[in-house]
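Student: sequence first, then the predicted structure, then my questions.
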Amino acid sequence: MAIMLFLASLLPAVLGSDCKFMQFDCSDIYNSGQTVSGIYTIYPAGDIPVWVYCEMISGGKDEDNGGWTVIQRRMDGSVNFYRPWNQYKRGFGNVEREYWLGLENMYQLTRKNKYKYSFFPVGCECAGYQLHVSGFTDGRAGDSLSGHNGQKFSTFDKDSEKNCAKQNLGGFWYVDCHITNPNGVYLWGEDPTYHAIGVVWSTWKKYAVSMKTFSMKIKYVS
């Protein structure tokens, strides 16, 4: 399952000191002619390289074309997502498998974009990396993300008033406590004895089913 967030960017690729263009995100890489999914280097902050997985698969509609920047991925439980604030800030995991791109990188990727289809900016650290999300389009799994709109990010060492990160064993924009828990414990399918702590998308499979695969990815439309 993937949470697809369509963005239209105002930012061009950044011109580096060696007179070569440094791509801002995977859309820039795709538009440069790279059409094979895999690991690439992007420069969301202008001059600091970031390794990221780019999904270059093209669909049938223009907005589904390649150039997706994967900001989160769960697929096999190989990475522990119950981590402190500083690790969620800078990112962690294996870019080839499971990983979290990092809140600061997400902030840099989304802070100056003009949004065409869905709205998904992440605020600065000074605002708790607050999430702003709207413009949901139904992909037949329901909307489990919009309810987290306006929430600050929470981890077990920088938690919400209701200790949602500790209760749900993850890090996310929790809201009393969650409707979705992408960074929860990787479990195997349905188990009602582990209510809400798994990789949950509640509007589709309720709270007892943990997703086998889950990814969040963003792109801009030029």
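Tutor: Structure received. Numbering: from 1, shown residues only.

Student: give me the longest helix you can find in this structure.
Tutor: For the chain, the helix reaching the highest residue count under DSSP state H is reported as helix 103-110.

Student: helices of the chain, residue ranges please.
Tutor: Along the chain, the stretches classed as helices by DSSP H are 26-31, 85-90, 103-110, 164-168, 202-205.

Student: just for this protein, where's the confidence low?
Tutor: Applying pLDDT under 70 to the predicted model, the residue ranges of the chain that meet it are 1-21, 58-64, 112-119, 136-139, 221-222.

Student: now with 80, please.
Tutor: Counting by pLDDT under 80, the chain shows low-confidence ranges at 1-21, 58-65, 112-120, 134-143, 189-192, 220-222.

Student: can the helices of the chain go into a markdown table with extra columns for mean neighbour count and distance to residue 143?
Tutor: For glycine as for every other residue, the C-beta is placed from the backbone atoms N, C-alpha and C. As requested, these are arranged in a markdown table below (neighbours: other C-beta atoms under 10 Å; distance: least, C-beta to C-beta, whole Å):
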| stretch | mean neighbour count | distance to residue 143 |
| --- | --- | --- |
| helix 26-31 | 23 | 24 |
| helix 85-90 | 18 | 24 |
| helix 103-110 | 24 | 19 |
| helix 164-168 | 21 | 19 |
| helix 202-205 | 17 | 6 |
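
Student: about what we covered before: other SSEs contacting the longest helix of the chain?
Tutor: For helix 103-110, the contact count by 3 or more C-beta pairs under 8 Å, 6 or more residues apart in numbering; DSSP states H and E identifies strand 68-74, helix 85-90 as packing neighbours.
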